[in-house]
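Participant: following is a predicted model, sequence given first.
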Amino acid sequence: MTHSPLRIGIIGIDSSHAPTFTQLLNDNEHPFHVTGGKVTVAYPGGSPDFEMSYSRIEGFTTQLRDRGVTIVDSPEEVAANCDGILMTSVDGRIHLEQFRRVLSYRKPIFIDKPMTVSSAEAREIIALAQQNNIPLMSCSSLRYAEELTIALHAADNSPIIGMDCYGPMALQATQPGLFWYGVHTVEMLFRVLGKNCLHVTAATTEDHDVITGVWDNGVIGTIRGNRKGNGQFGALIHQESRTQFVDVNKHPKPYYASLLEKIMSMFVTGSPEIDAEETVQIIRFMEAANESRQTGLTVNL
């Protein structure tokens, strides 16, 4: 028995993720083509006070239209004409409002990073999703980088005793502190160390940040964010038996393809792989790190 491809709708064509996801789903010849659905409808959206939003809408919308995607005038039109929603609006400040607008359609939804720029809004989105029985998932593509997955599989039974992640951490005024690029390394950290980080301390200079989190089992995890020099992502996973180096750029498979496979699985099964409480804690970790960047003090989660 064959199933028709799911109709995928996009809300927010102001991020490169919109054409990237569309290409991976709609182009059968792509070397990392993701099966199970096609992007059929999209709403441009955009934030008038965010240059990296409004300046890119026209170009990305043209790319989607050229791939046969129908462009509509509202999030509601997207939700009414699809089986699953990719909310790729680049501005985390507007995700709650957009989510509220499509809530009544009860379609499974992926909210691109950052889910929100406040833990209170993240909790509200998750509460609304649970009340309305809406499958929901939000994360960075780096969470599913193939080299990170390989390292976790290779960890065997040797306990993980710490992790140090690094990556670029450009700052963007509308997405404060870690929320713009820090989210990628934070997602990697939480995928490996899990929930229950107790407190966070930040050291920051003009060019770099080092954020240290202490977990309830005594494990310490760090992220290093660079605004100068090294712009690569990577990590060290410390185990009792050894330390593994993770070069996330080593594997040919794009992070976005690995992430999209997880999203499509959720759209089909209705079961997201990520614990909602972990997603809230990731948002709160970044919020607390931002507080510590400002004050220099340790901040409890």
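Facilitator: That came through, no problem. Residues are numbered from 1 along each chain as shown.
Participant: how many residues are close by Thr149?
Facilitator: Using other CB atoms under 10 Å, Thr149 is surrounded by 16 other residues. All C-beta atoms are positioned from the backbone trio N, CA, C, and that covers glycine.
Participant: which SSE is it in?
Facilitator: Using DSSP states H and E, the element containing Thr149 is helix 146-154.
Participant: buried sites along the helix or strand following that helix?
Facilitator: Per DSSP H and E, helix 146-154 leads on to strand 160-168 as the next helix or strand towards the C-terminus. For strand 160-168, a neighbour-count test (16 or more other CB atoms under 10 Å) marks 160, 162-168 as buried.
Participant: who's in contact with whichever helix or strand comes after strand 160-168?
Facilitator: Going down the chain from strand 160-168, the next helix or strand is helix 182-193, by DSSP H and E. The contact list for helix 182-193 (CB atoms under 8 Å, 6 or more residues apart in numbering) reads 113-114, 139-143, 145, 148, 152, 160, 163, 165-167, 169, 178, 197, 209, 211, 213, 215, 219, 221-225, 233, 235, 237, 248, 278, 281-282, 285-286, 289.
Participant: partners of whichever helix or strand comes after helix 182-193, with directions?
Facilitator: Downstream of helix 182-193, the next assigned helix or strand under DSSP H and E is strand 197-204. Strands that pair with strand 197-204, judged by DSSP bridges, come out as strand 208-215 (antiparallel), strand 299-300 (antiparallel).
Participant: on that earlier part again, in the buried residues of strand 160-168, find the pair that's most separated.
Facilitator: Within those, two members stand farthest from each other by CB to CB: Ile160 and Pro168, at 24.6 Å.
Participant: the residue nearest to Arg93 when sequence neighbours are not counted: what's it in contact with?
Facilitator: Distance criterion CB to CB, 6 or more residues apart in numbering; nearest residue to Arg93, sequence neighbours excluded, is Val117 at 5.6 Å. Neighbouring residues of Val117 by CB under 8 Å, 6+ apart: 92-93, 175-176, 179.
Participant: on that earlier part again, so which of the strands paired with strand 197-204 comes closest to Ser258?
Facilitator: Judging the strands paired with strand 197-204 by CB to CB, what sits closest to Ser258 is strand 208-215, at 24.4 Å.
Participant: and Gly12, how far from Ala122?
Facilitator: 17 Å (CB to CB, to the nearest Å).
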